[in-house]
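J.: structure here, sequence nowhere to be found:
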């Protein structure tokens, strides 16, 4: 609140009146200027903090994207291998080590910082062009999350004909395998072949080891259709990954 006080003595001339008005005006302008400066500094700090949150989240998503690209490549190889296995099942030439691996890993891309920046109002103090660029990135991240979720659900539906329950597998063993799947972040920080092997081993175990010889022709048809669709979905997801990586590269460092 800015208080304007009347003069402490009687004004006897226009000159004194104008001097008093000028003093009040200058005082108000200084007060308003200081208030605006404080507000500007506050908004600038908000914008800087918001941009730092976005930068940190995008850096984490870059790592997640790199993991998803690797996992997608592993998944596509498994899906192509599954078609070859199903062909041998149909022709009666199944090999002893033939398995169908349909479980795949996906690291969701986070948008928590984006929501915080908008809910706090800080987005209004970030340059429009930069916010538009971030907006395009987060739209593409959400598109990837949605597509990956749909792909996973469709593949699980197509492979529901497989009984992945193992008779001699107790609850402790199931929990152990699940913990391994949930802890692969620590195991898969690098992209070397050993990390890929570790991820694929977990995917294989989580897919189970059903008896493929008991599959009926109709079930084989359904599985083949599911894996063929999965390969198409893998290619579509890969294109989305490449596009998002290109958008990341446009952000200021």
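T.: Happy to help now that I have it. Predicted model only: the values in this text are computed from it and were never measured.

J.: what's the closest non-adjacent residue to the most centrally placed residue in the chain?
T.: Central residue of the chain (C-alpha atoms, centre = their mean): residue 109, 0.6 Å from the mean position. Sequence neighbours aside, residue 141 is the residue nearest to residue 109 in space, at 4.0 Å (criterion: C-beta to C-beta, 6 or more residues apart in numbering). Bear in mind the C-beta positions are built from the backbone N, C-alpha and C, glycine included.

J.: show me what contacts residue 89?
T.: Residue 89 is in contact with 98, 212-213, 215, 220, counting by C-beta atoms under 8 Å, 6 or more residues apart in numbering.

J.: could you pull out the helices for the stretch 151-253 of the chain?
T.: Using DSSP state H, counting those that start in this stretch, the helices of the stretch 151-253 of the chain run over residues 171-182, 184-187, 193-207, 217-249.

J.: ok, of the ones you listed, where does mean pLDDT dip lowest?
T.: When the helices of the stretch 151-253 of the chain are compared on average pLDDT, helix 184-187 comes out lowest at a mean of 52.

J.: picking up where we left off before, may I see the contacts of residue 89 arranged in TSV, with neighbour count as well?
T.: Listed next are these as TSV, based on neighbours: other C-beta atoms under 10 Å:
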residue	neighbour count
98	16
212	18
213	9
215	19
220	16
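
J.: now distance to residue 124 too, for the residues you listed, in TSV please.
T.: Compiled in TSV, the contacts of residue 89 are given as follows (distance: C-beta to C-beta, whole Å):
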residue	distance to residue 124
98	59
212	59
213	64
215	59
220	58
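
J.: going by distance to residue 246, which of those wins?
T.: residue 98 (38.7 Å; C-beta to C-beta).

J.: let me know the pLDDT of the closest one.
T.: 95.

J.: let's number from 6 now, not from 1
T.: Will do, 6 is the new start, and the previous item becomes residue 103.

J.: ok, the closest residue to it other than its chain neighbours - how many residues close by?
T.: Leaving aside its sequence neighbours, residue 103 sits nearest to residue 90 (C-beta to C-beta, 6+ apart; 4.6 Å). When neighbours are counted by other C-beta atoms under 10 Å, residue 90 registers 20.

J.: report the mean confidence score over the helix or strand hosting residue 90.
T.: Under the criterion of DSSP states H and E, residue 90 resides in helix 19-96. Average pLDDT, helix 19-96: 82.

J.: ok, then the element right after that helix?
T.: helix 117-124.

J.: buried residues in that following helix?
T.: Neighbour-count burial for helix 117-124 flags 118-119, 121-122 (criterion: 16 or more other C-beta atoms under 10 Å).

J.: one more: stretch 205-221?
T.: 205, 207-213, 215, 217, 220.

J.: residues contacting stretch 140-153, please?
T.: Under C-beta under 8 Å, 6+ apart, the answer for stretch 140-153 is 63, 66, 73, 111, 113-114, 116, 119, 238, 241-242, 245-246, 248-249, 252-253, 256.

J.: filter the residues you listed to the buried ones?
T.: Of these, these count as buried by 16+ other C-beta under 10 Å: 63, 66, 73, 111, 114, 116, 119, 238, 242, 245-246, 249, 252-253.

J.: quick one: which of the residues you listed is nearest residue 155?
T.: Of all the buried ones among the contacts of stretch 140-153, residue 155 sits closest to residue 238, with 8.0 Å by C-beta to C-beta.

J.: correct me, but that closest one touches residue 156?
T.: Yes - between residue 238 and residue 156 there is a contact at 4.3 Å, judged by C-beta atoms under 8 Å.
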